[in-house]
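Chemist: Below is the structure, and that's it, no one-letter string:
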């Protein structure tokens, strides 16, 4: 397979200088704005990695990879309206910079654009690709709905949470890998395995995000630390802490999340997380998911040097800072 | 071909009792609500008419026809948020009955559902069907953006308006016919002609809607008369009247649209429309589009009795009440 670095360069080539502008400009400028800001472009990278891993031609997955990234950004546009998020990748969200109507309609148009790219996939792999894409798109919507439901539900269990992030985050990461494998005409068994591998990676990736919000280094994380705490967001850490706290600790935990002063609130919640060993518990859970994903990777019929290449990428993606 | 009545029954069979419910129910209940309310189901009917007209098997177009109807309803969910419309088909809109977030996300899910149905089209016609669907979906978004732009633009010409309704309304009607023809494996020439026919029908259909808002019979129209006038909506009638009014009449027209009392406003605007012959002008425009559509219909390589069947359907659709 290609090195990860080569594939990262390919992804940059796919997106840098790509123009989405057409008329009416009120519709397409937010799309250009949204897709030019970059971000990690993790999903197209995963499609290229998977395609290369199974010996496919990268050209066969380019269009779907672009489609997946546009789809992902479409969900961000709409999520930012629903979550009233003013910022995205350190810049004003489309919802904030323009308005909700613009974010709705430009988002819808991005969704169409995503399908336009996916539909360019060559006919012999089109049906499988589209089915994987449709199933995933639907599940991502379901995940966002569960996430919104959680806001008004008082007790969410860890299982509920894992189900939600599976739908909202992990399935798209898994689908990116699957679509790459489909493009490479991998065996049915390998396609299933790489998908399952992707689910575990996706879950670990989200838990790492939850973890870094409380225990990360702001400069590396790229977002202010403690934001989830300040907004009482039902993360893995939040849910696990309420599951474990009993008696006096439970009272103190509840009160910690009610503190109005931001600095004091973050400090007290982190104290409680410390008391309840939330850091270690989350690390262990991420380790477990990571170990399980490696088990699957090891079972794939690919050569050892390729496995090593993927290992080192996963280190970057999930293990760093944890 | 089948009679229109038979095809209408087929459309009812396709939709009556169709269940869209899944989990989470907060996501799917608004979808079920939206798609169970019926409406004219004009787009799937047109797909079946076109498929039958060109001697295709109806089963080959069922899935796309369902997809088109779901897509149409998805656009209504999002349009109702953007236009702040409390009512849809005489019932609270999803936006009004639930909230904007629900209408956004259930709408997105309907968009996915639409693609799921379209993707079930049999492989040999899948690529052409999806391309027609994608192009249309994008144009409908563009049309909605132009429509929103018009709200804040002071002078819209009739040409701008015709372009907008072409995108917002006519292309989906044309695509419904085109997709039916694709399913029937009609000739390239016939597919193009039925599309062009659909554009003219779609434009006439929208102008008839504009017309009936001012000159229709409320019981037949199904909506309160004068609603476009009360909201200063830039319809064909509005734009044409401002194009024609000069001097004193222009002042009077402007003032008419500024009247606060609803009854007085509708009355005075209708007086002005009368003075400017807007009724006759709109009738003539619809007649012209209708005549042009018949020219195309006559050029299609289909038998005379089938043409008659389509004529009589068009009478129902466009000519009645005008």
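Modeler: It's in. Small disclaimer: the values here were computed from a predicted structure and weren't measured.

Chemist: For chain A, which residues are neighbours of chain B?
Modeler: Contact residues (Cβ under 8 Å from any Cβ of the partner chain) of chain A with chain B: A:22-24, A:26-27, A:78, A:81-82, A:100-101, A:104-105, A:108-109, A:111-113, A:115-116, A:119, A:123, A:126-127, A:130-131, A:134, A:137-138, A:141-142, A:144-146, A:148-149. In this view, the C-beta of every residue, glycine as well, is placed from N, C-alpha and C.

Chemist: try 7 Å this time
Modeler: Chain A comes close to chain B at residues A:24, A:26-27, A:78, A:81-82, A:101, A:104-105, A:108-109, A:111-112, A:115-116, A:119, A:123, A:126-127, A:130-131, A:134, A:137-138, A:141-142, A:144-146, A:148-149, as judged by Cβ under 7 Å from any Cβ of the partner chain.

Chemist: So what's the gap between stretch A:185-199 and the chain middle?
Modeler: Between the centre of stretch A:185-199 and the centre of its chain there are 19 Å (Cα atoms, centre = their mean, to the nearest Å).

Chemist: buried sites along it?
Modeler: Residues of stretch A:185-199 classed as buried: A:185-186, A:190-191, A:193-199 (neighbour count, 16 or more other Cβ atoms under 10 Å in any protein chain shown).

Chemist: which pair in these spans the largest distance?
Modeler: A:185 and A:199 (21.9 Å; Cβ to Cβ).

Chemist: Let's see which of the residues of chain A next to chain B end up in helices.
Modeler: The helices, defined by DSSP state H, take in A:26-27, A:78, A:81-82, A:101, A:104-105, A:108-109, A:111-112, A:115-116, A:119, A:123, A:126-127, A:130-131, A:134, A:137-138, A:141-142, A:144-146, A:148-149 from these.

Chemist: Among those, the buried ones, what's the PyMOL command?
Modeler: With 16+ other Cβ under 10 Å as the criterion, this PyMOL line picks the buried residues out of those:
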select buried, chain A and resi 26+27+78+81+82+101+104+105+108+109+111+112+115+116+119+126+127+130+134+137+138+141+142+144+145+146+148+149
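
Chemist: pLDDT wise, what is the residue nearest to residue A:113 when sequence neighbours are not counted at?
Modeler: Spatial nearest neighbour of residue A:113, excluding adjacent residues (Cβ to Cβ, 6 or more residues apart in numbering or on different chains): residue A:70 at 5.2 Å. Predicted confidence (pLDDT) for residue A:70: 97.

Chemist: So which residues of chain A form strands?
Modeler: A:87-88, A:91-92 (DSSP state E).

Chemist: hey, least reliable of those strands by pLDDT?
Modeler: Minimum mean pLDDT among the strands of chain A: strand A:87-88, a mean of 88.

Chemist: Report how many residues lie close to the residue nearest to residue A:113.
Modeler: The local packing of residue A:70 (other Cβ atoms under 10 Å in any protein chain shown) involves 27 other residues.

Chemist: quick one: which of the buried residues of stretch A:185-199 is nearest to residue A:238?
Modeler: Taking Cβ to Cβ as the measure, residue A:238 sits nearest to residue A:199 out of the buried residues of stretch A:185-199, at 22.4 Å.

Chemist: quick one: that closest one and residue A:167 touch, right?
Modeler: No. Look at residue A:199 against residue A:167 with Cβ atoms under 7 Å: they stay out of range, at 10.4 Å.

Chemist: Mutual contacts of these two, please.
Modeler: Residues touching both residue A:199 and residue A:167 by Cβ atoms under 7 Å, 6 or more residues apart in numbering or on different chains: none at all.

Chemist: For residue A:110, which non-adjacent residue is spatially closest?
Modeler: Spatial nearest neighbour of residue A:110, chain neighbours left out: residue A:74 (3.9 Å); criterion: Cβ to Cβ, 6+ apart.

Chemist: buried stuff in stretch A:287-297?
Modeler: Neighbour counts over stretch A:287-297 (16+ other Cβ under 10 Å) mark A:289-290, A:292-294, A:296-297 as buried.

Chemist: Was I right to think the residue nearest to residue A:113 contacts residue A:114?
Modeler: Yes. Between residue A:70 and residue A:114 there is a contact under Cβ under 7 Å: 4.2 Å.

Chemist: Distance of residue A:315 relative to residue B:194?
Modeler: Plainly put, residue A:315 is 57 Å away from residue B:194 if you go by Cβ to Cβ, to the nearest Å.

Chemist: Could you do residue A:298 as well?
Modeler: Distance, residue A:298 to residue B:194, by Cβ to Cβ: 56 Å.

Chemist: Same question for residue A:216.
Modeler: Going from residue A:216 to residue B:194 by Cβ to Cβ gives 59 Å.

Chemist: before we move on, what about residue A:111?
Modeler: Here the criterion is Cβ to Cβ. By it, residue A:111 lies 27 Å from residue B:194.

Chemist: How many residues are close by the nearest residue to residue A:107 once chain neighbours are set aside?
Modeler: Closest residue to residue A:107 apart from its sequence neighbours, by Cβ to Cβ, 6+ apart: residue A:77 at 3.8 Å. When neighbours are defined as other Cβ under 10 Å, residue A:77 has 25 of them.

Chemist: what mean pLDDT does stretch A:93-100 have?
Modeler: The average pLDDT within stretch A:93-100 is 95.

Chemist: what separates that stretch from the chain centre, distance-wise?
Modeler: In terms of Cα atoms, centre = their mean, the centre of stretch A:93-100 is set 21 Å apart from its chain centre.
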